[in-house]
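1. attaching a predicted model along with its sequence, questions to come.
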Amino acid sequence: MAAQIYSGEKYASRRREISANLAKRPEFHDSKPLPFMTREEKILESSRKLTLISKHMNEIIDPSDKRELYHLNCEVLGIEGNPMALHGDMFIPALTAQASDEQQEKWLSRALRREIIGTYAQTELGHGTNLRKLETIATYDVDTQEFVLHTPQITALKWWPGNLGKSSNYAVVVALMIIKGKNYGPQTFMVPLRDEKTHQPLKGITIGDIGPKLAYNIVDNGFLGFDHYRIPRTNLLMRHTRVEPDGTFVKPPHAKINYSAMVHVRSYMITGQAIMLAYALTIATRYSSVRRQGQIDTTQPEVKVLEYQTQQHRLFPSIARAYAFVFAGAETVRLYERVLQEVETGNVSLMADLHALTSGLKSVVTHQTAQGIEQARMACGGHGYSQASYISEIFGVAVGGCTYEGENLVMLQQLARYLVKSAGLVQAGQSSKLGPLVAYLGAKSDSTSLIDRTPTPGFAEYVKTFQHIARKQTLKAAQKLFGFMEKGDTREVAWNKSTVELNRASRLHTRLYIVEAFVRRVEEVADPRLKEVLTDLLRLHVNYELLDVAAYALEDGFLSSSQLDYIREQLYFYLAKIRPNAVSLVDSWEFSDRELRSVLGRRDGNVYENLFAWAKASPLNKTDVLPSVDKYLKPLMESARASKL
Ligand SMILES: CCCCCCCCCCCCCCC/C=C/C(=O)SCCNC(=O)CCNC(=O)[C@H](O)C(C)(C)COP(=O)(O)OP(=O)(O)OC[C@H]1O[C@@H](n2cnc3c(N)ncnc32)[C@H](O)[C@@H]1OP(=O)(O)O
Ligand SMILES: Cc1cc2nc3c(=O)[nH]c(=O)nc-3n(C[C@H](O)[C@H](O)[C@H](O)COP(=O)(O)OP(=O)(O)OC[C@H]3O[C@@H](n4cnc5c(N)ncnc54)[C@H](O)[C@@H]3O)c2cc1C
């Protein structure tokens, strides 16, 4: 099953080898539990391990393999980030996609060797979503052939970029490019921030950390201001865009080609989110198979809480989602790598499809992942609330994904733009022009669903029902938009009046895509035993997801209430059928205890012994009487007692 999750036996067994290798190297392990460390201690500890990784990487992984590097980072550094997180996640991808060969020779090779540390500085105090209104400016000075970076007011300060505050000495900075008074929109520049020897900020640079956050606190998200800071013309990233010495601007083959680092993260983060969801579910499912509380049959002993239907309903649909997301994530990574190659040859035709797909997936997957992790926390009762479970940290890190790389409700609208265009083609009788991702919009719907009406063993009837719902909502929302426009609203005003409905269409389209990705993967499985278990999980998934959106199919009679009853019964049937495999389904992700960092979710299942040992190790228990008691509480009690006398 691990080979299914990790897209092949080769990587699944490499993961095992890497974990086994690390198990024998205590210097790579956390020196104490992360929840007991201050932020400063965590950063120090992470830097120590990062240095070890850099030194010994070649002995443990093939450094050219992104997945092996990712696994090494998960095991050793963990999810709370590290001082070079953005270096790998965005700085290198930005240089790879946007720097010219000559620039790559100069900077990418140094970045890959870790001679320099970089980040991606785009968001500002006043603007994150609306990139066209960023306020940092890069004005071209023809005489000196330099760009002058400047922060004209406080809202123009770069704010949020990861590892900008303290760790990075370079950044790919996004700024509005002004040449001879003309604004050429957001462009990307390679900018030195700190002296390479002393690490002191360079003259004209104001820089620092933005302070503690909900989670992800090993990362020094930072602020950055420029005071008429000069960089050479050749620091504009020039793979696709160019500015000649005389200030002539050479347009790229696609207007949004500079957004590639964001598309990179959106493509990869689907897998990252699936893994964090699977972390939380591994912890909660294992714990639920140890925790005994209450009886189902009063003549029998107390049961494991995993026997309760409510507990299964709380956890198993999310287990199915984690599988669905990892399968969909593998597809987005493949598409991203393909688009990257095609763009190299000048073919930008798939950029819009990739942008639409990843915008929708990013939004739906992060939202459902956060929901699933929070349910996993509650499924652990009181112990879920303890940082010993580590689920609160996993939640805090994962939920950041709802905001970064484009706020979810904004990114759903990006997909909606694509859907509306497609609906326009359908309306104009040009369905043959629809791309493969939206071809279903042009198909004719049956009048009713055949779920429970025809003995089809596969998933075709479910897929058709999801297609019907997504098609209906897309065409309806587009019609609403067109209707407002026909009545005289500008497109922008009409758009704003229709966005709740448009975003609903985007979600339904994306949920259909996720179901289809799951079906595609299960159909490929050859081993009959694995196929059976995955088919059960997929059955659970389609029934749960369909119930969740059933209102759309009930309102036009596509599904009847008796069909809904059938779907519910199927759901309950598959909850019970999956129960014996539940622990194996989470164990199949093969997370080591080091990687999970959860006292509650350890493989040995010795929950109570482990919790007690953890509590005893708490720094507060080093002494029996705390200084705060000596200083305040004892005098308080003493004076209360004295006043009573
Ligand atoms: C290896 C194995 C496992 C790996 C696991 C990996 C784990 C993952 C790592 C996790 C990393 C965690 C670190 C995260 C750090 C976070 C970083 C950041 O947050 S960086 C900052 C991100 N910021 C944003 O995302 C800002 C969001 N805003 C935008 O993207 C844009 O402003 C906008 C797209 C919302 C709007 O842009 P605008 O220029 O105004 O365009 P329009 O809306 O007018 O659209 C015009 C037109 O362009 C199309 N478009 C837009 N973007 C793109 C694109 N990227 N590609 C292609 N086309 C694009 C848009 O659809 C419109 O098309 P049209 O045909 O006109 O409809
Ligand atoms: C953990 C974390 C890491 C980050 N790392 C980086 C980094 O490395 N580099 C970097 O540059 N940035 C980074 N960011 C910033 C991040 O990319 C932005 O915060 C994000 O893109 C959202 O933008 P915003 O903050 O401007 O939100 P806003 O746009 O101000 O959103 C506020 C609200 O307004 C709504 N809204 C905004 N515009 C519209 C619209 N057009 N239509 C409808 N509703 C709208 C949103 O839906 C939301 O509800 C990070 C953020 C976080 C949380």
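-> Done, it's in. On a predicted model such as this, the values are computed, not experimentally measured, just so you know. Ligands and ions are numbered 1, 2, ... in the order given.
2. how about the stretch 201-350 of the chain: which residue is closest to ligand 2?
-> Ranked by Cβ to the nearest ligand atom, the top residue of the stretch 201-350 of the chain for proximity to ligand 2 is Tyr216, at 5.2 Å. (Each C-beta comes from the backbone N, C-alpha and C, glycine too.)
3. who are the contact partners of that residue?
-> If a contact means Cβ atoms under 8 Å, 6 or more residues apart in numbering, then Tyr216 has Ile79, Glu80, Gly81, Gly396, Val397, Gly400 as its contacts.
4. same question for Ala171.
-> Residues in contact with Ala171 (Cβ under 8 Å, 6+ apart) are Phe91, Gly118, Thr119, Tyr120, Ala121, Pro161, Leu164, Val191, Leu193, Leu224.
5. for the third one, grab phi and psi.
-> Geometry field for Thr119 lists phi and psi as phi -140, psi -180, criterion degrees, to the nearest 10.
6. coming back round to it: of the contacts of Ala171, which are in range of ligand 2?
-> With Cβ under 6 Å from any ligand atom as the criterion, the members of those in contact with ligand 2 are Tyr120, Ala121, Pro161.
7. scan the residues you listed and report the most crowded one.
-> Each of those was scored by neighbours using other Cβ atoms under 10 Å; the highest score is Ala121's, at 32 neighbours.
8. OK, now which residue of this structure is nearest to ligand 1?
-> Closest approach of the chain to ligand 1 (Cβ to the nearest ligand atom) occurs at Gly272, with a separation of 2.8 Å.
9. how is the residue nearest the centre of the chain assigned, secondary-structure-wise?
-> For the chain, the residue sitting closest to the mean C-alpha position, by Cα atoms, centre = their mean, is Met269 at 3.8 Å. Following DSSP: H, G, I helix; E, B strand; the rest coil, we place Met269 in the helix state.
10. cross-check the contact I'm expecting between it and Lys362.
-> Yes. With contact defined as Cβ atoms under 8 Å, Met269 reaches Lys362; the gap is 6.4 Å.
11. identify the contacts common to the two.
-> Gly401, Glu405.
12. returning to what we had before: got a list of what the residue nearest to the centre of the chain touches?
-> Contacts were defined as Cβ under 8 Å, 6+ apart; by that measure Met269 touches Lys362, Thr366, Gly401, Glu405.
13. ok, and the most crowded of these?
-> Comparing the contacts of Met269 on neighbour count, Lys362 comes out first with 30 neighbours (neighbours: other Cβ under 10 Å).
14. correct me, but that residue touches Glu405?
-> Yes. Counting by Cβ under 8 Å, Lys362 does reach Glu405; the two are 6.1 Å apart.
15. close to ligand 1, is the top helix by length along the chain?
-> When the chain is scanned for its longest helix (criterion: DSSP state H), the result is helix 309-344. No. Against ligand 1, helix 309-344 shows no contacts by Cβ under 6 Å from any ligand atom, the least distance being 6.8 Å.
16. which elements pack onto that helix?
-> Counting by 3 or more Cβ pairs under 8 Å, 6 or more residues apart in numbering; DSSP states H and E, the packing neighbours recorded for helix 309-344 are helix 92-98, helix 260-288, helix 351-379, helix 491-524, helix 528-548, helix 561-578, helix 582-587.
17. fine by me, we can end here.
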